[in-house]
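Peer 1: structural data only, the sequence is not supplied:
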């Protein structure tokens with residue numbers, strides 16, 4: 001058509017690109033994985049050549065030491081990426097990721113991920129926001145391990161799992177998570193976790209009704225340094 005101006009390719013792509021819609025569909029370099037509970041997405045030592053995005057379900061991140069000791073180092077939820085170490089030259093996976101329930105996960109090749117980050121600012125913004133949030137969480141976890149008691153670490157973990165920071169509303173923990181897993185995540189024993197969970201329940205900070213439900217009183221106890229949540233203990 002005479003007189004019509006052709007929009008710059010980059011500009012047109014930027015305005016019409018929806019990152020979450022892009023992540024939800026099969027496309028060049030992308031596949032959609034449907035996993036059952038306990039299926040691995042990848043295992044420690046596998047070749048690192050893809051990035052993953054969780055559409056539905058939760059994924060457990062575990063590390064196995066040379067001595068054969070396994071530790072849970074994180075729980076990943078919908079809206080989070082994982083496996084992005086391949087973008088920074090990581091040749092092999094340093095952890096194992098396992099579905100904790102039925103999951104829908106987008107798998108993106110390293111090449112497709114890099115190309116999209118370069119060409120789509122909206123996608124780059126989404127990915128950068130994830131990285132910044134994750135790095136902040138890593139810093140907070142390190143401080144937590146260094147300076148807080150195991151009791152307070154458990155309280156913080158329960159609050160995180162209950163999404164206490166999202167819209168100011170606490171939610172029941174719908175995840176089927178064992179005391180052994182909680183113990184691994186905060187670096188203590190299952191018996192200590194059992195003791196603290198019973199203590200929290202007696203104080204009215206949490207309740208059990210087929211799932212763990214975290215009450216606002218637990219958040220208040222942690223933030224206000226109330227004596228019922230010990231800051232320092234001799235047994236971690």
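Peer 2: Sure thing, it's come through. Please read these numbers as outputs of a predicted model, since none were measured by experiment.
Peer 1: so what's the gap between stretch 56-75 and the chain middle?
Peer 2: Stretch 56-75 has its average C-alpha position 12 Å from the chain's average C-alpha position, going by CA atoms, centre = their mean, to the nearest Å.
Peer 1: straight-line length of that stretch, end to end?
Peer 2: This stretch, stretch 56-75, spans 13 Å end to end (CA to CA, to the nearest Å).
Peer 1: residues of that stretch that come out buried?
Peer 2: For stretch 56-75, burial by neighbour count (16 or more other CB atoms under 10 Å) applies to 57, 58, 59, 60, 61, 62, 72, 74, 75. C-betas here are computed from N, CA, C, even on glycine.
Peer 1: now tell me what touches that stretch from outside.
Peer 2: 35, 41, 44, 76-78, 82, 94-105, 161, 175, 177, 181, 184-185 (CB atoms under 8 Å, 6 or more residues apart in numbering).
Peer 1: give me the ChimeraX select line for the residues you listed, limited to the buried ones.
Peer 2: In ChimeraX, a selection of the buried entries from the contacts of stretch 56-75 looks like this (16+ other CB under 10 Å):
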select :35,41,76,82,95,96,97,98,99,100,103,104,105,161,175,177,181,184,185
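Peer 1: show me this protein divided up by domain.
Peer 2: 9-141, 148-223 (automatic domain parsing).
Peer 1: kindly state the beta-bridge partners for the residue nearest to the spatial centre of the chain.
Peer 2: When CA atoms, centre = their mean is applied to the chain, the residue found nearest the centroid is residue 76 (2.7 Å). Note on residue 76: beta-bridge partners residue 59, judged by DSSP bridges.
Peer 1: what about stretch 67-76, average pLDDT?
Peer 2: Across stretch 67-76, the average pLDDT comes to 87.
Peer 1: re earlier: right, so the domains of the chain: which one is the most enclosed?
Peer 2: When those are scored by mean count of other CB atoms under 10 Å, the highest mean neighbour count falls to domain 148-223 (a mean of 17).
Peer 1: lowest-confidence stretch among the domains of the chain?
Peer 2: Among these, domain 148-223 carries the lowest mean pLDDT (a mean of 82).
Peer 1: could you pick out the longest helix of this structure?
Peer 2: For the chain, the longest helix by residue count, based on DSSP state H, is helix 121-147.
Peer 1: run the chain-centre distance for it.
Peer 2: 10 Å.
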